[in-house]
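A.B. asks: Using only what follows, build the 3D model:
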Amino acid sequence: MDGITVFCGQGHPELAENICYHLNIPLSPTKFQRFSNDCQYIQLLDNCRERDVYIIQPIAPPVQDNLMELMLMLDAARGASARRRTAVIPHFAYARSDKKDAPRISIAARLVADLLVTAGTDRVLTVNLHSDQVHGFFSCPVDHLNALNVLASHFRGQDLSNTVVVSPDLGNAKSASHFARILDVPVAAGQKRRISDDKVVIDMIVGDVAGRECIVMDDEIATGTSVLELLACLRDRGATSFRLACTHGLLTRDAVAKLTDPEDVLELVITDTVPLAEDKRGPKVKVLTVSRMIAEAIRRIHAGESVSSLFDI
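C.D. replies: Prediction:
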């Protein structure tokens, strides 16, 4: 791994440390400071000249602070004559804002992509974008990893003979189908209408769930509203128990308690693309790491090897 330098923002240093552990390299230090006028000051404390620089930072809450940190670090690396700058973004916020579905709104995912390129990004490495079209918003190469195999590894070896994978909405049905294929189980999906940020309606369930154990699979869980609505519909249709799985476990407000308190919810399985506070790590919460997958992608990018096999699901 000669010629590579890895920095991280304050968004998820634990994940960055684990990635560097798998790469067998140190995580380079960074100085963070906030001035009295609330402006951020960032200094990279390692040599970047003609180096292959990777900056690890999920754009997760606090989203605006983490996004600004990432852009300042990219700009600092460019100013320090880094040979190539790769933004490693395990969770890309604003990815849900991928289309103009109301008058006079911004397509924020495209705007953030433009800002990152302007700040100095030569390449982006990310995990499970909300929709594939966000990939095309970037004017630089994007390596789009998928964490479904990481999640599936948790369920392999269990008795899944009476299990069905369920997606909360038809938009996520393709990923749910891939996940079900990995586990060799059937798939079902809800038909969801979003009323507001924290209110959804699921009109129907497509697929047979009566008498079955359900693995509810989504790409992201924030407040848990969609999942709770789906669970109510599945109970009405005779589902017996639930295991919840998602890549990005934002789990804002009291989402963990609401999702795991019911007795028929057996576990909540997430990955560590975003940090999870210790007070949210209840007995039913399982956190799987994507650090090995991301480290392998970084190794292959740096060595000029194919990354495509990591996309396979």
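A.B. asks: so where is this structure shaky, pLDDT-wise?
C.D. replies: For the chain, applying pLDDT under 70 flags the ranges 194-200, 311-313.
A.B. asks: can you list contacts of the lengthiest helix in it?
C.D. replies: In the chain, assigned by DSSP state H, the helix with the most residues is helix 63-79. For helix 63-79, contacts defined as CB atoms under 8 Å, 6 or more residues apart in numbering pick out 7, 9-11, 30, 32, 40, 42-44, 48, 53, 55, 57-60, 85, 87, 89, 93-94, 112, 115-116, 119-121. All C-beta atoms are positioned from the backbone trio N, CA, C, and that covers glycine.
A.B. asks: Restrict the residues you listed to the buried ones and give me that as a ChimeraX selection.
C.D. replies: Only the buried entries of the contacts of helix 63-79 go into this ChimeraX selection, using 16 or more other CB atoms under 10 Å:
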select :7,9,11,30,42,44,48,53,55,57,58,59,60,85,87,89,93,94,112,116,119,120,121
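A.B. asks: Let's see which of the contacts of helix 63-79 end up in helices.
C.D. replies: Using DSSP H, the contacts of helix 63-79 in helices are 112, 115, 116, 119.
A.B. asks: any idea how far the second one is from residue 70?
C.D. replies: Distance check for residue 115 against residue 70: by CB to CB, to the nearest Å, it reads 10 Å.
A.B. asks: now the first one
C.D. replies: Computed as CB to CB, the residue 112 to residue 70 distance reads 10 Å.
A.B. asks: one step back: go through the ones in helices among the contacts of helix 63-79 and name the one nearest residue 36.
C.D. replies: Set against residue 36, the nearest of these by CB to CB is residue 119 (24.3 Å).
A.B. asks: how many neighbours does the residue lying closest to that closest one once chain neighbours are set aside have?
C.D. replies: Nearest residue to residue 119 in three dimensions, chain neighbours excluded: residue 71, at 3.9 Å (CB to CB, 6 or more residues apart in numbering). Residues near residue 71, counting by other CB atoms under 10 Å, number 23.
A.B. asks: Stretch 13-28: how far from the chain's middle?
C.D. replies: The chain centroid and the centroid of stretch 13-28 are separated by 18 Å under CA atoms, centre = their mean, to the nearest Å.
A.B. asks: Surely residue 116 and residue 87 touch.
C.D. replies: Yes - using CB atoms under 8 Å, residue 116 is in contact with residue 87, at 5.9 Å.
A.B. asks: any residues in contact with both of those two?
C.D. replies: What both residue 116 and residue 87 touch, as defined by CB under 8 Å, 6+ apart, is the set 70, 74, 124.
A.B. asks: Of those residues, grab the buried ones for ChimeraX.
C.D. replies: In ChimeraX, this line selects whichever of the shared contacts of residue 116 and residue 87 come out buried by 16+ other CB under 10 Å:
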select :70,74,124
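A.B. asks: Rebuild the shared contacts of residue 116 and residue 87 as TSV, extending it with distance to residue 269.
C.D. replies: TSV is the format used below for the shared contacts of residue 116 and residue 87 (distance: CB to CB, whole Å):
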residue	distance to residue 269
70	27
74	32
124	26
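A.B. asks: quick check, nearest of the shared contacts of residue 116 and residue 87 to residue 278?
C.D. replies: residue 70 (24.5 Å).
A.B. asks: Give me the neighbour count for residue 277.
C.D. replies: Using other CB under 10 Å: residue 277 sits among 8 other residues.
A.B. asks: Quick check: the gap between it and residue 268.
C.D. replies: Taking CB to CB, one finds residue 277 at 14 Å from residue 268.
A.B. asks: same question, residue 119
C.D. replies: For residue 119 relative to residue 268 (CB to CB), the value is 35 Å.
A.B. asks: what does residue 222 give?
C.D. replies: 13 Å.
A.B. asks: Look at these two and report which has more neighbours.
C.D. replies: Taking other CB under 10 Å, residue 222 and residue 268 do not tie; residue 268 has more neighbours (26 against 19).
A.B. asks: Quick one: classify the more buried one as helix, strand or coil.
C.D. replies: Judged by DSSP: H, G, I helix; E, B strand; the rest coil, the three-state class of residue 268 is strand.
A.B. asks: ok, now residue 172?
C.D. replies: Residue 172 is classified as helix under three-state DSSP.
A.B. asks: what sits against it?
C.D. replies: Per CB under 8 Å, 6+ apart, neighbours of residue 172: 189, 217, 218, 219.
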